[in-house]
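> Provide a 3D model corresponding to the input given below.
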Amino acid sequence: MTEKQEVTSAKTGEVRKAEDRPGPALYPPVDIYEDAEGIHLQADMPGVSKDRLTVQVDRDTLLIEGDAKIDMPEGMNALYADVRSTRYRRSFTLSSELQTDAIEANLKDGVLTVRIPKREEAKPRRIEVRTG
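Take a look at the predicted model:
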């Protein structure tokens with residue numbers, strides 16, 4: 001799995017892709033690990049609920065997008081915010097050895113976990129050795 005190339009605007013420092021809608025998006029931190037069964041991806045997306053999350057695959061591209069909702073107490077307005085955007089976006093190019101029609105995703109406590117299994121022919125297998 002390789003990460004897609006992104007372009008950063010020198011004026012705004014905003015990270016964008018050609019297909020992005022206008023406006024900045026946060027680049028969520030992601031942990032990726034592989035085992036014999038497939039690829040596991042964990043993305044930190046605090047404030048994103050299941051109904052505001054999109055995980056989709058198109059050919060060899062996995063796209064993760066989410067909009068965080070930050071609740072303010074009634075009658076209060078934010079005077080200062082370190083985070084200017086509440087939209088997350090990240091995409092990855094998937095290997096052909098992965099089974100994209102069997103991807104599973106789970107969102108719990110602001111952490112998105114995506115499991116992408118390997119095709120059977122790409123999984124390691126044990127070869128029996130005979131004697132004689």
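> can you pull the contacts of the residue most central in space within the chain?
Ranked by distance to the mean C-alpha position of the chain (C-alpha atoms, centre = their mean), the top residue is Ile64 at 4.2 Å. Residues in contact with Ile64 (C-beta atoms under 8 Å, 6 or more residues apart in numbering) are 28, 43, 45, 53-55, 88-91, 112, 114. Yep, even glycine has a C-beta here, placed from its N, CA and C like the rest.
> Let's see that with 10 Å instead.
Residues in contact with Ile64 (C-beta atoms under 10 Å, 6 or more residues apart in numbering) are 28, 30, 41, 43, 45, 48, 53-56, 88-92, 105, 112, 114.
> where does this structure have its least confident helix or strand?
strand 7-8 (a mean of 36; mean pLDDT, DSSP states H and E).
> Was I right to think His122 contacts Gln99?
For residue 122 the amino acid is Ala, not His. Yes: between Ala122 and Gln99 there is a contact at 8.6 Å, judged by C-beta atoms under 10 Å.
> Spit out the residues that contact those two alike.
Gly38.
> Can you tell me which of the contacts of Ile64 are buried?
Buried members of the contacts of Ile64, counted by 16 or more other C-beta atoms under 10 Å: 28, 30, 41, 43, 45, 48, 53, 55, 88-92, 105, 112, 114.
> Flag the shaky bits of the chain, pLDDT-wise.
1-23, 83-85 (pLDDT under 70).
> Is the spatially closest residue to Leu63 that is not a sequence neighbour inside a helix or a strand, and which specific one?
Nearest residue to Leu63, sequence neighbours excluded (C-beta to C-beta, 6 or more residues apart in numbering): Ser91, at 4.7 Å. Applying DSSP states H and E as the criterion places Ser91 in strand 87-93.
> All set, thanks.
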